[in-house]
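> build me a structure from this.
(one chain, ligands or ions: 1)
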Amino acid sequence: MLYLIGLGLSYTTDITVRGLEAIKKCDRIYLEHYTSILMAASLEELEQFYGKPVTLADRELVESGCEEILRDADKQDVAFLVVGDPFGATTHTDLVLRAKRQGLPVEVIHNASVMNAVGSCGLQLYTFGQTVSMVFFTDDWRPDSWYNKIWENRKIGLHTLVLLDIKVKEQSIENMARGRLIYEPPRYMSISQCCEQLLEIEETRGTKAYTPDTPVVAISRLGSASQEFKSGTIEELSRYDAGEPLHSLVILGRQCHELELEYLLDFASDREAFKQAVIKDQEYFKPAPWVPPAEEDDE
Ligand SMILES: C[S@@+](CC[C@H](N)C(=O)[O-])C[C@H]1O[C@@H](n2cnc3c(N)ncnc32)[C@H](O)[C@@H]1O
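Okay, here's the model as predicted:
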(Lines give C-alpha, C1' and ligand atoms only; values in the text may rest on other atoms or scores of the structure.)
Protein backbone atom coordinates (compact mmCIF):
# COMPACT_ATOMS: atom_id res chain seq x y z
CA MET A 1 0.00 0.00 0.00
CA LEU A 2 1.13 3.55 -0.71
CA TYR A 3 -0.11 5.82 2.07
CA LEU A 4 -0.27 9.59 1.51
CA ILE A 5 -0.42 11.00 5.02
CA GLY A 6 -1.05 14.62 6.02
CA LEU A 7 1.04 15.78 8.99
CA GLY A 8 -0.96 18.89 9.88
CA LEU A 9 0.57 22.30 10.29
CA SER A 10 3.15 22.39 13.03
CA TYR A 11 3.84 19.77 15.70
CA THR A 12 4.94 16.12 15.47
CA THR A 13 1.73 15.32 17.37
CA ASP A 14 -0.50 17.02 14.78
CA ILE A 15 -0.62 13.74 12.85
CA THR A 16 -3.96 11.91 13.12
CA VAL A 17 -4.26 8.64 15.05
CA ARG A 18 -5.01 6.83 11.79
CA GLY A 19 -1.97 8.43 10.14
CA LEU A 20 0.30 7.35 12.99
CA GLU A 21 -1.08 3.79 12.94
CA ALA A 22 -0.35 3.60 9.20
CA ILE A 23 3.23 4.83 9.71
CA LYS A 24 3.81 2.17 12.36
CA LYS A 25 3.04 -0.48 9.70
CA CYS A 26 5.25 1.05 6.99
CA ASP A 27 8.55 -0.35 5.74
CA ARG A 28 9.72 2.91 4.18
CA ILE A 29 8.79 6.50 5.04
CA TYR A 30 9.37 9.58 2.87
CA LEU A 31 8.78 13.17 3.95
CA GLU A 32 7.97 15.55 1.10
CA HIS A 33 10.35 18.40 1.71
CA TYR A 34 9.90 21.18 -0.86
CA THR A 35 6.39 22.63 -0.67
CA SER A 36 6.13 23.28 3.06
CA ILE A 37 7.90 22.72 6.39
CA LEU A 38 6.72 21.34 9.70
CA MET A 39 7.50 24.39 11.82
CA ALA A 40 7.80 22.87 15.29
CA ALA A 41 9.51 19.56 14.48
CA SER A 42 12.88 18.51 13.08
CA LEU A 43 13.50 15.37 11.04
CA GLU A 44 15.16 13.77 14.06
CA GLU A 45 12.16 14.54 16.26
CA LEU A 46 9.83 12.97 13.71
CA GLU A 47 12.02 9.86 13.48
CA GLN A 48 12.08 9.59 17.25
CA PHE A 49 8.31 10.03 17.49
CA TYR A 50 7.61 7.39 14.81
CA GLY A 51 10.44 5.11 15.98
CA LYS A 52 11.53 4.73 12.34
CA PRO A 53 13.93 6.37 9.88
CA VAL A 54 12.44 8.99 7.55
CA THR A 55 13.91 9.88 4.14
CA LEU A 56 13.62 13.50 2.95
CA ALA A 57 12.04 13.62 -0.51
CA ASP A 58 13.02 16.67 -2.53
CA ARG A 59 11.27 17.79 -5.74
CA GLU A 60 13.64 15.76 -7.88
CA LEU A 61 12.94 12.52 -6.03
CA VAL A 62 9.16 13.04 -6.12
CA GLU A 63 8.89 14.27 -9.70
CA SER A 64 11.63 12.34 -11.51
CA GLY A 65 12.59 9.53 -9.21
CA CYS A 66 9.21 8.47 -7.91
CA GLU A 67 9.87 4.85 -8.95
CA GLU A 68 12.07 4.70 -5.86
CA ILE A 69 9.12 5.78 -3.69
CA LEU A 70 6.75 3.30 -5.36
CA ARG A 71 9.25 0.43 -5.30
CA ASP A 72 7.71 -2.79 -3.88
CA ALA A 73 4.56 -0.96 -2.75
CA ASP A 74 2.63 -4.05 -3.93
CA LYS A 75 4.36 -6.15 -1.26
CA GLN A 76 5.30 -3.52 1.33
CA ASP A 77 3.71 -0.50 2.99
CA VAL A 78 5.23 2.84 2.02
CA ALA A 79 4.33 6.20 3.60
CA PHE A 80 4.61 9.52 1.78
CA LEU A 81 4.24 12.27 4.37
CA VAL A 82 3.07 15.76 3.39
CA VAL A 83 3.00 18.79 5.68
CA GLY A 84 -0.58 20.03 5.97
CA ASP A 85 -2.87 17.93 3.79
CA PRO A 86 -1.57 15.83 0.84
CA PHE A 87 -4.08 17.59 -1.43
CA GLY A 88 -4.02 21.05 0.21
CA ALA A 89 -2.33 23.48 -2.20
CA THR A 90 0.09 20.75 -3.23
CA THR A 91 -1.33 18.22 -5.56
CA HIS A 92 0.41 14.93 -5.37
CA THR A 93 -1.97 13.60 -7.98
CA ASP A 94 0.93 12.65 -10.25
CA LEU A 95 2.34 10.22 -7.67
CA VAL A 96 -1.13 8.76 -7.07
CA LEU A 97 -1.77 8.35 -10.81
CA ARG A 98 1.54 6.55 -11.31
CA ALA A 99 0.78 4.25 -8.39
CA LYS A 100 -2.70 3.48 -9.75
CA ARG A 101 -1.33 2.78 -13.24
CA GLN A 102 1.01 0.24 -11.71
CA GLY A 103 -1.95 -1.34 -9.94
CA LEU A 104 -0.69 -0.29 -6.52
CA PRO A 105 -3.24 0.30 -3.78
CA VAL A 106 -3.30 3.87 -2.45
CA GLU A 107 -4.81 5.29 0.73
CA VAL A 108 -4.94 8.99 1.62
CA ILE A 109 -5.09 10.08 5.26
CA HIS A 110 -6.06 13.74 5.46
CA ASN A 111 -5.14 16.45 7.95
CA ALA A 112 -5.53 20.20 8.50
CA SER A 113 -4.20 22.40 5.71
CA VAL A 114 -3.35 26.09 5.38
CA MET A 115 -6.29 26.07 2.94
CA ASN A 116 -8.80 25.59 5.75
CA ALA A 117 -6.90 26.75 8.85
CA VAL A 118 -6.67 30.21 7.23
CA GLY A 119 -10.26 30.62 8.43
CA SER A 120 -8.85 31.32 11.89
CA CYS A 121 -8.09 34.90 10.77
CA GLY A 122 -11.85 35.45 10.92
CA LEU A 123 -12.65 35.46 7.20
CA GLN A 124 -15.28 33.03 5.95
CA LEU A 125 -13.90 30.21 3.79
CA TYR A 126 -17.12 30.45 1.77
CA THR A 127 -16.12 33.83 0.40
CA PHE A 128 -12.62 32.97 -0.82
CA GLY A 129 -11.94 32.87 -4.55
CA GLN A 130 -8.99 31.43 -6.44
CA THR A 131 -5.81 30.89 -4.39
CA VAL A 132 -2.65 32.32 -5.92
CA SER A 133 1.09 31.73 -5.41
CA MET A 134 3.59 34.56 -5.18
CA VAL A 135 7.06 33.51 -6.33
CA PHE A 136 10.35 35.28 -5.64
CA PHE A 137 11.05 37.82 -8.38
CA THR A 138 14.51 37.78 -9.93
CA ASP A 139 16.22 40.48 -12.00
CA ASP A 140 14.84 39.06 -15.23
CA TRP A 141 11.86 36.97 -14.11
CA ARG A 142 8.88 38.75 -12.56
CA PRO A 143 5.89 36.51 -13.23
CA ASP A 144 2.50 38.15 -12.64
CA SER A 145 -0.13 35.67 -13.86
CA TRP A 146 -1.62 35.80 -10.34
CA TYR A 147 -2.65 39.43 -10.96
CA ASN A 148 -5.61 38.52 -13.20
CA LYS A 149 -6.83 35.97 -10.69
CA ILE A 150 -6.85 38.55 -7.91
CA TRP A 151 -8.70 40.90 -10.25
CA GLU A 152 -11.30 38.21 -11.04
CA ASN A 153 -11.78 37.38 -7.35
CA ARG A 154 -12.10 41.01 -6.34
CA LYS A 155 -14.47 41.76 -9.18
CA ILE A 156 -16.99 39.33 -7.68
CA GLY A 157 -16.23 40.37 -4.12
CA LEU A 158 -14.15 37.36 -3.01
CA HIS A 159 -11.08 37.19 -0.77
CA THR A 160 -7.78 35.92 -2.23
CA LEU A 161 -5.42 33.62 -0.34
CA VAL A 162 -1.84 34.33 -1.43
CA LEU A 163 0.66 31.54 -0.70
CA LEU A 164 4.28 32.66 -0.48
CA ASP A 165 7.22 31.06 -2.23
CA ILE A 166 9.66 28.87 -0.35
CA LYS A 167 12.97 27.58 -1.69
CA VAL A 168 14.38 24.76 0.37
CA LYS A 169 16.92 23.10 -1.91
CA GLU A 170 18.00 25.63 -4.47
CA GLN A 171 21.22 25.70 -6.49
CA SER A 172 22.80 28.99 -7.53
CA ILE A 173 22.93 29.49 -11.32
CA GLU A 174 26.71 29.17 -11.16
CA ASN A 175 26.65 25.90 -9.22
CA MET A 176 23.96 24.55 -11.53
CA ALA A 177 25.98 25.48 -14.63
CA ARG A 178 29.06 23.80 -13.21
CA GLY A 179 27.07 20.75 -12.16
CA ARG A 180 28.01 21.22 -8.52
CA LEU A 181 25.49 19.76 -6.08
CA ILE A 182 25.83 22.65 -3.64
CA TYR A 183 22.60 24.08 -2.30
CA GLU A 184 21.77 27.57 -1.06
CA PRO A 185 20.36 28.04 2.46
CA PRO A 186 16.53 27.78 2.57
CA ARG A 187 14.60 30.97 1.76
CA TYR A 188 11.04 31.85 2.72
CA MET A 189 9.21 34.85 1.28
CA SER A 190 8.24 37.45 3.88
CA ILE A 191 4.96 39.33 4.08
CA SER A 192 6.73 42.61 3.31
CA GLN A 193 8.36 41.22 0.17
CA CYS A 194 5.03 39.81 -1.00
CA CYS A 195 3.36 43.22 -0.51
CA GLU A 196 6.20 44.99 -2.32
CA GLN A 197 5.81 42.64 -5.29
CA LEU A 198 2.04 43.22 -5.28
CA LEU A 199 2.61 46.98 -5.36
CA GLU A 200 5.21 46.74 -8.12
CA ILE A 201 2.91 44.78 -10.42
CA GLU A 202 -0.07 47.05 -9.74
CA GLU A 203 2.11 49.98 -10.70
CA THR A 204 3.13 48.29 -13.96
CA ARG A 205 -0.35 47.07 -14.86
CA GLY A 206 -2.23 50.09 -13.55
CA THR A 207 -5.65 48.44 -13.84
CA LYS A 208 -6.37 48.64 -10.13
CA ALA A 209 -7.12 45.02 -9.26
CA TYR A 210 -6.14 46.48 -5.87
CA THR A 211 -4.43 49.62 -4.65
CA PRO A 212 -1.83 50.39 -1.96
CA ASP A 213 -4.83 51.09 0.33
CA THR A 214 -6.49 47.71 -0.19
CA PRO A 215 -6.93 45.88 3.13
CA VAL A 216 -5.06 42.62 3.68
CA VAL A 217 -4.37 40.28 6.55
CA ALA A 218 -1.00 38.63 7.17
CA ILE A 219 -1.09 35.12 8.59
CA SER A 220 2.10 33.87 10.17
CA ARG A 221 3.02 30.46 11.54
CA LEU A 222 -0.55 29.23 11.51
CA GLY A 223 -1.16 26.38 13.93
CA SER A 224 2.07 26.92 15.87
CA ALA A 225 2.59 28.39 19.34
CA SER A 226 3.68 31.71 17.80
CA GLN A 227 0.79 32.03 15.31
CA GLU A 228 0.14 35.69 14.49
CA PHE A 229 -2.27 37.79 12.43
CA LYS A 230 -1.84 41.37 11.29
CA SER A 231 -4.40 43.43 9.40
CA GLY A 232 -3.55 46.59 7.51
CA THR A 233 -3.32 47.97 4.01
CA ILE A 234 -0.93 46.49 1.42
CA GLU A 235 1.20 49.61 1.76
CA GLU A 236 1.30 49.28 5.57
CA LEU A 237 2.21 45.59 5.49
CA SER A 238 5.00 46.21 2.96
CA ARG A 239 6.84 47.57 6.03
CA TYR A 240 5.71 44.87 8.48
CA ASP A 241 8.19 42.41 9.99
CA ALA A 242 6.22 39.17 10.33
CA GLY A 243 9.11 37.22 11.90
CA GLU A 244 9.91 33.58 11.28
CA PRO A 245 8.20 31.64 8.42
CA LEU A 246 5.72 30.36 7.34
CA HIS A 247 3.55 33.20 6.03
CA SER A 248 0.44 33.68 3.92
CA LEU A 249 -1.53 36.78 2.99
CA VAL A 250 -5.23 37.33 2.35
CA ILE A 251 -6.37 40.20 0.13
CA LEU A 252 -9.87 41.19 1.18
CA GLY A 253 -12.77 41.09 -1.23
CA ARG A 254 -15.80 43.36 -1.20
CA GLN A 255 -17.94 40.72 0.50
CA CYS A 256 -16.50 41.49 3.94
CA HIS A 257 -19.23 40.75 6.48
CA GLU A 258 -19.43 42.95 9.58
CA LEU A 259 -18.50 39.98 11.80
CA GLU A 260 -15.42 39.32 9.67
CA LEU A 261 -14.47 42.97 9.98
CA GLU A 262 -15.01 42.90 13.76
CA TYR A 263 -12.58 39.96 13.98
CA LEU A 264 -9.95 41.60 11.77
CA LEU A 265 -10.03 44.87 13.71
CA ASP A 266 -8.37 43.12 16.68
CA PHE A 267 -5.30 42.51 14.47
CA ALA A 268 -4.97 46.11 13.23
CA SER A 269 -2.51 48.67 14.65
CA ASP A 270 -5.08 51.41 14.05
CA ARG A 271 -8.63 50.01 14.25
CA GLU A 272 -10.35 53.12 12.88
CA ALA A 273 -7.95 53.55 9.97
CA PHE A 274 -8.35 49.87 9.02
CA LYS A 275 -12.15 50.12 9.24
CA GLN A 276 -12.12 53.15 6.95
CA ALA A 277 -9.82 51.35 4.49
CA VAL A 278 -12.29 48.43 4.36
CA ILE A 279 -15.29 50.74 3.87
CA LYS A 280 -13.48 52.63 1.10
CA ASP A 281 -12.32 49.40 -0.56
CA GLN A 282 -15.85 47.98 -0.57
CA GLU A 283 -16.78 50.59 -3.15
CA TYR A 284 -14.35 48.88 -5.52
CA PHE A 285 -15.98 46.80 -8.23
CA LYS A 286 -19.35 47.39 -6.61
CA PRO A 287 -21.81 46.30 -9.26
CA ALA A 288 -24.14 49.02 -10.50
CA PRO A 289 -27.56 48.69 -8.81
CA TRP A 290 -29.94 46.43 -10.68
CA VAL A 291 -32.40 48.33 -12.81
CA PRO A 292 -35.57 46.55 -13.98
CA PRO A 293 -35.86 46.30 -17.75
CA ALA A 294 -38.06 48.96 -19.31
CA GLU A 295 -41.69 47.81 -19.44
CA GLU A 296 -42.81 46.64 -22.80
CA ASP A 297 -44.98 49.08 -24.61
CA ASP A 298 -48.56 47.66 -24.60
CA GLU A 299 -49.52 49.38 -27.77
C1 LIG B 1 2.43 25.05 -1.36
S2 LIG B 1 1.63 25.33 0.14
C3 LIG B 1 1.52 23.71 0.83
C4 LIG B 1 0.34 23.58 1.71
C5 LIG B 1 0.27 22.30 2.52
N6 LIG B 1 0.24 21.10 1.73
C7 LIG B 1 -1.01 22.37 3.36
O8 LIG B 1 -1.93 21.60 3.13
O9 LIG B 1 -1.05 23.25 4.25
C10 LIG B 1 2.89 26.05 1.12
C11 LIG B 1 2.63 27.51 1.39
O12 LIG B 1 1.44 27.64 2.16
C13 LIG B 1 1.60 28.63 3.16
N14 LIG B 1 1.56 27.97 4.47
C15 LIG B 1 1.64 26.65 4.71
N16 LIG B 1 1.56 26.41 6.03
C17 LIG B 1 1.43 27.62 6.64
C18 LIG B 1 1.31 28.05 7.98
N19 LIG B 1 1.31 27.15 8.96
N20 LIG B 1 1.19 29.37 8.24
C21 LIG B 1 1.18 30.29 7.23
N22 LIG B 1 1.29 29.95 5.95
C23 LIG B 1 1.42 28.63 5.65
C24 LIG B 1 2.97 29.29 2.93
O25 LIG B 1 2.78 30.42 2.10
C26 LIG B 1 3.72 28.18 2.23
O27 LIG B 1 4.75 28.66 1.44
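> OK, contacts around the closest residue to the ligand within the chain?
Closest contact between the chain and the ligand, by C-beta to the nearest ligand atom, is at Gly84 (2.0 Å). Just so you know, the C-beta spots here come from the backbone N, C-alpha and C atoms, and that holds for glycine as well. Gly84 sits next to Gly6, Leu7, Gly8, Leu9, Ser36, Thr90, Asn111, Ala112, Ser113, Val114, Met115 when contact means C-beta atoms under 8 Å, 6 or more residues apart in numbering.
> if you set the cut-off to 10 Å instead, what comes out?
6-10, 14, 35-36, 38, 90, 110-117, 222-223, 246 (C-beta atoms under 10 Å, 6 or more residues apart in numbering).
> please name the nearest non-neighbouring residue to it.
Ser113 (4.2 Å; C-beta to C-beta, 6 or more residues apart in numbering).
> correct me, but the one you found touches Asp14?
No: counting by C-beta atoms under 10 Å, Ser113 does not reach Asp14; the two are 11.3 Å apart.
> of these two, which one has the most company?
Ser113 (23 against 20; other C-beta atoms under 10 Å).
> before we move on, the earlier item: okay, the residue nearest to Gly84: pLDDT?
pLDDT, Ser113: 97.
> same question for Asp297.
Confidence score, pLDDT, at Asp297: 60.
> ok so, going back, please name the bridge partners of the residue of the chain closest to the ligand.
Counting by DSSP bridges, Gly84 forms beta bridges with Gly8.
> any idea which helix or strand carries Val278?
Here Val278 sits within helix 271-281, counting by DSSP states H and E.
> over to Leu31?
strand 28-32.
> what's the offset of the helix or strand following that strand from the middle of its chain?
Sequence order places helix 43-50 as the next helix or strand after strand 28-32, per DSSP H and E. Chain-centre distance of helix 43-50: 25 Å, with C-alpha atoms, centre = their mean, to the nearest Å.
> and if you look at stretch 204-214?
For stretch 204-214, the distance to the chain centre is 22 Å (C-alpha atoms, centre = their mean).
> which residues does that stretch contact?
Stretch 204-214 has contacts (C-beta under 10 Å, 6+ apart) with 142, 144, 146-155, 160, 195, 198-199, 201-203, 216, 233-236, 238, 251-253, 273, 276-278, 280-281, 284-285.
> which of those fall within helices?
Cross-referencing the contacts of stretch 204-214 against helices under DSSP state H gives 146-155, 195, 198-199, 201-203, 234-236, 273, 276-278, 280-281.
> from those, list just the buried residues.
Applying 16 or more other C-beta atoms under 10 Å to the ones in helices among the contacts of stretch 204-214, the neighbour count classes 146-147, 149-151, 153-154, 195, 198-199, 201-202, 234-236, 277-278, 281 as buried.
> show me what the helix or strand of the chain with the lowest mean pLDDT is packed up against.
Least confident helix or strand of the chain, by mean pLDDT, DSSP states H and E, is helix 173-177 with a mean of 80. Using 3 or more C-beta pairs under 10 Å, 6 or more residues apart in numbering; DSSP states H and E as the contact criterion, no helix or strand is in contact with helix 173-177.
> other SSEs contacting the following helix or strand past it?
As assigned by DSSP H and E, the chain's next helix or strand after helix 173-177 is strand 187-188. Secondary-structure packing of strand 187-188 (3+ C-beta pairs under 10 Å, 6+ apart): strand 166-167.
> give me the contacts around the strand it packs on.
Against strand 166-167 from outside (C-beta under 10 Å, 6+ apart): 34-37, 135-136, 183-189, 245-247.
> for Glu107, give the beta-bridge partners.
Those that pair with Glu107 in a beta bridge, by DSSP bridges, are Tyr3.
> was I right to think it contacts Gly6?
No: between Glu107 and Gly6 there is no contact under C-beta under 10 Å: 12.0 Å.
> more neighbours: which of those two?
Per other C-beta under 10 Å, whichever of Glu107 and Gly6 has more neighbours is Gly6, with 23 against 12.
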